[in-house]
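K.L.:
for reference, the sequence and a predicted model appear below.
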Amino acid sequence: MMGEVNSKELEQAAMKLLKENIKLKKEEKVVLVTDREKDRVFDAIRSAVKARGNKLSIIRISPDRPSSSPIPQTAKEFNKCDVIIAPTTKSISHSPETYTARHKYGARVASMPGITPEMFIDAMKVNPKDVKKLNDWFAGKFRNAKVVNILTPSGTNLKVDIKGVEFRGDDYGDISGREILNNVPFGEFYGWIAKGLGIVFIDYWKTEIIPKDRAWVYLQKGRIIKWNKGAEPLIKVLKGAGECGLRIVELGIGTNTAFKKPIGNVLQDEKIYGTCHIAFGGHGTERLCSVHIDVIMIRPTIWVDGRKIMEKGKLIK
């Protein structure tokens, strides 16, 4: 399938990322991170950075580390760069070193865990302004809210306490400001949470859980306390991180209308308009954990403080 994407398309997408999304300045230093032996997306971005004449450092990290676990070998370069670009297999988004580089030194980050050439091409075709409109709409509904309720056709019935949580709509493709982190593909409205009660039927998690598995987990006080056989592949990974892996950390809603169906890649699936997701594990240095795992729910009906804002994946305006 990779052969269907030609090099020129990849080069154009890489240059667009630097010019229009990151808005890379001539004097800025870029760190490019990879955990892959060979990767066409990495090659295209490296060529684009060199073509623009920016100073570039390349860091190779282990492909065996869990997503968002610590990457101490990156700290020195991360802390003295302006831009971090990570077309990796495993995420660096919530690694402590990424968090510190952003919030202490102002680095901005394009994180692409699981990116493929096809996904990269499609991502660069999306208009950030369209995604921003949806994110802004959700921001208005969530502002100062206290409780979110989520039901799905597969059986999810989840209540999430969001009192005092600041939800963010900055994942729409603008990676030009200090401390900003966006996924590529982008399109997500999200907040860091700690309290949840109820059952979650996982419709998709990578290629390991799909709807026919009828996988579910049950949460009490924000922690998974029960699960069924279908959810065991997920639980095994979460338990590998210890107690923190079983705790809820994020609630997000997909806001990218260009993506229609899950493909088994969380990076894209969590951005699909008409889906929502929760994550377990850690978040930067605020919630230390060696994993950050997102699971997808499709066609959700969502209430915010008792007001229905989405029904089976469609906005109610």
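P.N.:
Good, I have the coordinates.

K.L.:
residue 290 is in what secondary structure piece?
P.N.:
Per DSSP states H and E, residue 290 falls inside strand 287-298.

K.L.:
what is the mean pLDDT for that strand?
P.N.:
The predicted model gives strand 287-298 an average pLDDT of 94.

K.L.:
how about stretch 177-194?
P.N.:
Taken as a whole, stretch 177-194 has a mean pLDDT of 96.

K.L.:
can you measure across that stretch, start residue to end residue?
P.N.:
28 Å (CA to CA, to the nearest Å).

K.L.:
and it, which residues are buried?
P.N.:
Within stretch 177-194, the residues scored as buried using 16 or more other CB atoms under 10 Å are 180-194. (C-beta placed from N, C-alpha, C; glycine too.)

K.L.:
centre of the chain versus it, how much separation?
P.N.:
7 Å (CA atoms, centre = their mean, to the nearest Å).

K.L.:
what does stretch 163-170 give?
P.N.:
That offset, for stretch 163-170, works out to 15 Å (CA atoms, centre = their mean).

K.L.:
quick one: contacts of it?
P.N.:
For stretch 163-170, the external contacting residues (CB atoms under 8 Å, 6 or more residues apart in numbering) are 132, 135-136, 138-139, 142, 145-147, 180, 182, 189-193, 255.

K.L.:
which ones among the buried residues of stretch 177-194 are found in strands?
P.N.:
181, 182, 183, 188, 189, 190, 191, 192 (DSSP state E).

K.L.:
which ones are touching the closest residue to the last one other than its chain neighbours?
P.N.:
Nearest non-adjacent residue to residue 192, counting by CB to CB, 6 or more residues apart in numbering: residue 283, 5.4 Å away. Residue 283 is in contact with 94, 192, 249, 250, 292, counting by CB under 8 Å, 6+ apart.

K.L.:
any idea how far residue 283 is from residue 294?
P.N.:
Distance of residue 283 to residue 294, computed by CB to CB, to the nearest Å: 12 Å.
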